[in-house]
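1. what follows is a predicted protein model with its sequence.
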Amino acid sequence: MSLSRNRTKSGLCLGASVLALGVGLAMAGPVFAQDANKTGAGDSTVVVVTGQRAALKSAQKIKQTSDEVVDSIVADDIGKLPDRSVTEVLQRIVGVSISHSYNDIAGHTDPEHFAVEGSGVTIRGMTYVRSEINGRDSFSANGGRSLSFEDVPPELMAGVDVYKNPSAEQIEGAISGLVNLRTAMPFDFKGMKISGAVGANYGELAGGSAKPSASFLFSNRWHTGVGDFGLLVDLAHSETQTRTDGVEEFSLYPRIQSLEATTNAANSAWLPAGKTTWISAGGDSSWRTLAYNRKRDGQYLALQWRPNDSVDTSLTVFRSSYKFHWDEDAFFASVNPYNLVPAAGTNFIIKNDIVVAGTEADNADNGVPFNDDVRSADRMSTTTDSSWKINWDVNDKLSLKSDLQYVYASTNSDDFTVASGVNIPYETYNLTGRFPTASVDTAYLTNPNNYYWAFTMDGLSRATGKDWSWRGDADYEIGDGFLKSWRAGMRFSDRSAETELSEPGNGYNWAAVSQTWMLGWHEPTLAYFNLFPAPYKTFSFKNYMNGATNVPSAVVFPATSLANGWPNTFATLQSFQTQLCQQLDPSCVNGWTAASLSGDPSKGGLNTQSEKTSAAYLTLRFGSDTTSIPFDGNIGVRVVKTEDKADGYMTLASFTPDPKLPAGNYSSFTGFSSPIHASNSFTNVLPSLNLRFKFTHDLQARLALSKGISRPDFSQLQAFTSLGTSIDSTSNVQQFTGSSSGNPNLRPTKSDNLDLTLEWYFAPTGSLTGALFSKNLKDVVINQIFNVTENDTAGNAHIFSATGPINGASGTIKGMEVAYQQYYDDYLPDWAKGFGLQANFTYIDSQRKLYTPVTGAYCDSTNSQTANLTLNLNGCDTDGRTFGNLPLQNLSKYAYNLAILYDKGPISGRLAYSWRSRYLLGVNVNAANGGNGTNTDVSSPNYGKQNIQFGLPVYGADYGQLDGGIFYKITDKVTLGLEGQNLLDSTYKELVQQHVGFHGLAWYKSGRSFSAQIRMTF
């Protein structure tokens, strides 16, 4: 169809007004207007579209022709997505970012452990991501609702689609985006197809031998008297071994001479008068190295039967399993920062009120206390997705579909730590360089007689998830008029989830063996190795961080067998505490018991959930080619009812007021543990509109409007609340408080979504596209106060203020995406033909508004409820001041991907760089929290006390990583490949925010990784 000049001009004007991408289009000169895949008689530079270029062409076609706003990545070859994990694949898509922090066994962000292959996925800065396999809802058993994408074998994938603004016919729950993982089907191939690959993976820092990987696919189809049959079997196995080295600095603490002079004069003599001086909790206070071994397996079976031209039915079984084990050796400070002083004859170097270098001592603790621990952790996760689908073309206009699915997922984790301690005479450190550096007395560190047994920590978790679902769809072709077709359907699901932690809350059972703070009142001496023998080792930090910084040459550690020998080895170590404390009190009994999964919901570790959903939708497709600007689209509505049930307990601790208290109105309570059977039901109406304007064959724009929901994670719906009462020691006022692990009455987070796009497809593998988007959120889940009423022994009602998750905030997220790809064969000399470029950029801005704002400049221990809310929402500094106005977690304002492509003849290659700007990892998370902050609020009765519970905002700093690969086709059937990850040996850095500014918390290096493979396709 041809368009008049005026029509084209009006279309371009409308597109510019829709998206304001005039600048980008003005730059689109003749270099864009080429067909990278043209062929013809007399053309001596024919470019054959295969491999990587064919994958880009297919992905671009999906984006161009889709009814919704979608971006895709398609496998270059059978079983060959362009990265080593689905997580890493996703980060190449505009608007998608990944994080690099592991989660602990309770699912909390753990900034102290770097995930080499990536972990959590955000789309447009949000974690409200829903996951599918072949258009069906799928998940991992992790307390959440989506897949752990790092668990899924990329070798089984034919492609990955990310829907940014889904339509009414898609399953609800994807506010930020929907990730659909696609696998191949037997009828995708014309006949028999056999493909396989073998390879080896090698981690530079890990060293040792290379780890194997292999994949195999067999597919065939047969024509018989009862129709066509197809069979596809796909298997994948891969192993990796990596090592991550890290340096940590820890938080800065305020040292105020006027406050300390009267209580700690000896330690405060060095402090400048009249100002606050900030000092690190141990200088360069941690060195850790983590050896990580991962195995990932996948099995996929697909059966298809087409008895005639109108019926097609298939059965698929997809199973992924992910297993890792890591061992860590960490040497870290465990100091009281208020006891640190310059070593005799030395002075601290102070810059901008921060101690940045010097030699520190701790006379009060008879040396600077350090702990060195060995830690072993395991996780095994599986997801099995079984589905049966049937399609029936009833006639030329009506088609019906039925889809039955069962998903079973399980995860089991354990985490065991054994730590020793050593009080070193001094530490010399410097924080002014690229990395913090430190030195200590090496001879002292290598003498095992200077070490004592410090603590043990054990934790267990398990989770299972099940889901039966059925959906039916009808599609009716109306005709060639304005209304094209309608589609209607319904879906029912019955899902259950059960998770259990060995300890409520964080899942970990930390128990001291001997600590410096236990001396005198509980133990007469520390449990030194020479007094209490148990296995130990001398560990050398070899090639630490690829030589980027210096570390102690050797440290004495507990033997790894102690961590792996749980629970018997833990019991042995804990018996040392009993022996010591009985020297002071013969009746002393150590109450330690090994972590266990009891299955008892009254203890708070067990979370049992069930959820039933019923949904129905109707969409109409329409369009017109006769208007001045041709357009098409769909409008629809989805109605979904959700019914949640949760079983748990409410507990109240017994309380009797101390008769020695001053006269007052105090209440007694009889303790109880009462079952909770909670239920919740809600219905949501979710309309959507998708419009596409076709200015020319190559230029189009989209307008997408929708309402969406994202249900709370199952971990947030736990029905367990513990209540208690106490008397404040300062005011003698009785307080009624509590905490909740979850809230079964939570509603879904809702969002009003808007997308505007302008898309120019100037060649089969050439495009320039842009998008503006906005999401207005309501009922965002945060931790805040809710009230629970209980009676005292006299029958009087009291309101307990409990902290837990509530629908307590709204928010807005706005941003822009720009993406470009092109091969330059028409504009390069013959020797350079084959080069191309792929680039994208994302900008996101966000705001959060609390329904009940938490204000106040300080966190104060006299008001534990308000302090706790401020701690988790706004953060608390080590001087008690709060932050406020923190960004949304996991949201980078800027992100981009840049890839140099090459495809010519038998060679195909790519160099890809992914970068994201600083983002908030969490508040009050491990390594940046504690209970010994200084109260600097002069209006507080606790002014000057060092008992503030602090939690600092922790950020992932700007981070970029270069990956690459090159493949050579020996024949049409055999390809050799070499890939490398983190080729620049990038350093991942974490920051903490304090009122003296941002400063480094941790620096991690994992080195380069390489893989080689040979692929065969027949």
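-> Sure, I can see it.
2. residue ranges with poor pLDDT in the stretch 801-950 of the chain?
-> The model of the stretch 801-950 of the chain has pLDDT under 70 over residues 861-868.
3. not counting its neighbours along the chain, what's nearest Gly208?
-> Gln241 (6.3 Å; Cβ to Cβ, 6 or more residues apart in numbering). All C-beta atoms are positioned from the backbone trio N, CA, C, and that covers glycine.
4. and that neighbour, what element?
-> Here Gln241 is covered by strand 227-248, with elements defined by DSSP states H and E.
5. what packs against that strand?
-> Contacts defined by 3 or more Cβ pairs under 8 Å, 6 or more residues apart in numbering; DSSP states H and E place strand 227-248 against strand 109-114, strand 193-203, strand 211-224, strand 286-308, strand 997-1005.
6. what does the shortest one rub up against?
-> If I follow you right, that is strand 109-114. Applying Cβ atoms under 8 Å, 6 or more residues apart in numbering, the contact partners of strand 109-114 are 99-104, 244, 246, 248, 288, 290, 328, 921-922, 925-928, 954, 988, 990, 1001-1002, 1004, 1006.
7. mind redoing it with 6 Å?
-> For strand 109-114, the surrounding residues in contact (Cβ atoms under 6 Å, 6 or more residues apart in numbering) are 100-102, 104, 244, 921-922, 925-927, 954, 988, 990, 1004.
8. how about the helix or strand that it is followed by: buried residues?
-> Moving toward the C-terminus from strand 109-114, the next helix or strand (DSSP H and E) is strand 121-123. Applying a neighbour-count criterion of 16 or more other Cβ atoms under 10 Å, one finds Val121, Thr122, Ile123 buried in strand 121-123.
9. save those as TSV, and put in pLDDT too.
-> As requested, the buried residues of strand 121-123 are exported to TSV (pLDDT from 0 to 100):
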residue	pLDDT
Val121	91
Thr122	92
Ile123	94
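10. and the contacts of strand 109-114 as TSV, adding neighbour count and distance to Phe672?
-> As requested, the contacts of strand 109-114 are exported to TSV (neighbours: other Cβ atoms under 10 Å; distance: Cβ to Cβ, whole Å):
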residue	neighbour count	distance to Phe672
His100	23	45
Ser101	26	39
Tyr102	22	38
Asp104	21	31
Thr244	25	47
Leu921	24	39
Gly922	22	34
Val925	19	33
Asn926	16	33
Ala927	21	37
Val954	27	38
Tyr988	21	48
Glu990	26	43
Tyr1004	25	47
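11. just those residues now: which is nearest Thr464?
-> For those, the minimum distance to Thr464 (Cβ to Cβ) is 19.0 Å, reached by Asp104.
12. what sits against that closest one?
-> Neighbours of Asp104 in contact, by Cβ under 6 Å, 6+ apart: Asp110.
13. now it: how far from Asn926?
-> 8 Å (Cβ to Cβ, to the nearest Å).
14. cool, and Trp521?
-> Taking Cβ to Cβ, one finds Trp521 at 28 Å from Asn926.
15. same thing with Thr499?
-> Counting by Cβ to Cβ - Thr499 and Asn926 are separated by 20 Å.
16. run through the bridge partners of the residue nearest to Gly208.
-> In this entry, Gln241 is beta-bridged to Asn293, by DSSP bridges.
17. check contacts around it.
-> Gln241 touches Gly203, Ala206, Lys211, Asn293, counting by Cβ under 6 Å, 6+ apart.
18. where along the stretch 651-800 of the chain do the strands fall?
-> Per DSSP state E, counting those that start in this stretch, the stretch 651-800 of the chain carries strands over the ranges 672-694, 699-710, 720-727, 734-740, 749-763, 766-791, 797-823.
19. who wins for proximity to Phe570 among these?
-> Taking Cβ to Cβ, strand 720-727 is the member of the strands of the stretch 651-800 of the chain nearest to Phe570, at 26.4 Å.
20. how about that closest one: buried residues?
-> Of the residues in strand 720-727, Phe720, Thr721, Ser722, Leu723, Gly724, Thr725, Ile727 count as buried by neighbour count, 16+ other Cβ under 10 Å.
21. for the last one, which non-adjacent residue is closest in space?
-> It stands for Ile727. Using Cβ to Cβ, 6+ apart and skipping residues adjacent in sequence, the residue nearest Ile727 is Gln734, 5.6 Å away.
22. quick one: that neighbour and Gln949, what's the gap?
-> As defined by Cβ to Cβ, Gln734 lies at a distance of 21 Å from Gln949.
23. how about Ser85?
-> Counting by Cβ to Cβ, the gap from Ser85 to Gln949 is 37 Å.
24. same question for Ser420.
-> Ser420 is 28 Å from Gln949, by Cβ to Cβ.
25. which one of these two has more residues nearby?
-> Legend: neighbour count by other Cβ atoms under 10 Å for Ser420 and Gln949, higher for Ser420 (30 against 19).
26. need the pLDDT of that one.
-> Reading off the confidence values, Ser420 has pLDDT 97.
27. name the element it belongs to?
-> For Ser420, the host element (DSSP H and E) is strand 398-424.
28. distance between whatever helix or strand comes next after that strand and the chain's centre?
-> Per DSSP H and E, the first helix or strand lying C-terminal to strand 398-424 is strand 427-430. Centroid separation for strand 427-430 versus its chain: 34 Å, with Cα atoms, centre = their mean, to the nearest Å.
29. could you number the chain from 34 rather than 1 from now on?
-> With the count now opening at 34, the last piece we talked about shows up as strand 460-463.
30. list the pairing partners of strand 460-463 within its sheet, with orientation.
-> Partners of strand 460-463 in its sheet, by DSSP bridges: strand 387-394 (antiparallel), strand 470-472 (antiparallel).
31. out of these, which is the most enclosed?
-> strand 387-394 (a mean of 21; mean count of other Cβ atoms under 10 Å).
32. quick one: contacts of that one?
-> With Cβ under 6 Å, 6+ apart as the test, strand 387-394 has contacts from 311-312, 316, 373-376, 379, 381-382, 459-461, 463-465.
33. again, only this time at 7 Å
-> Strand 387-394 is contacted from outside by 285, 310-313, 316, 373-376, 379-382, 401, 459-465, 1029, using Cβ atoms under 7 Å, 6 or more residues apart in numbering.
34. type out the PyMOL command that picks the buried ones from the residues you listed.
-> Buried residues among the contacts of strand 387-394 (16+ other Cβ under 10 Å), as a PyMOL selection:
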select buried, resi 285+310+311+312+313+316+373+374+375+376+381+401+459+460+461+462+463+464+1029
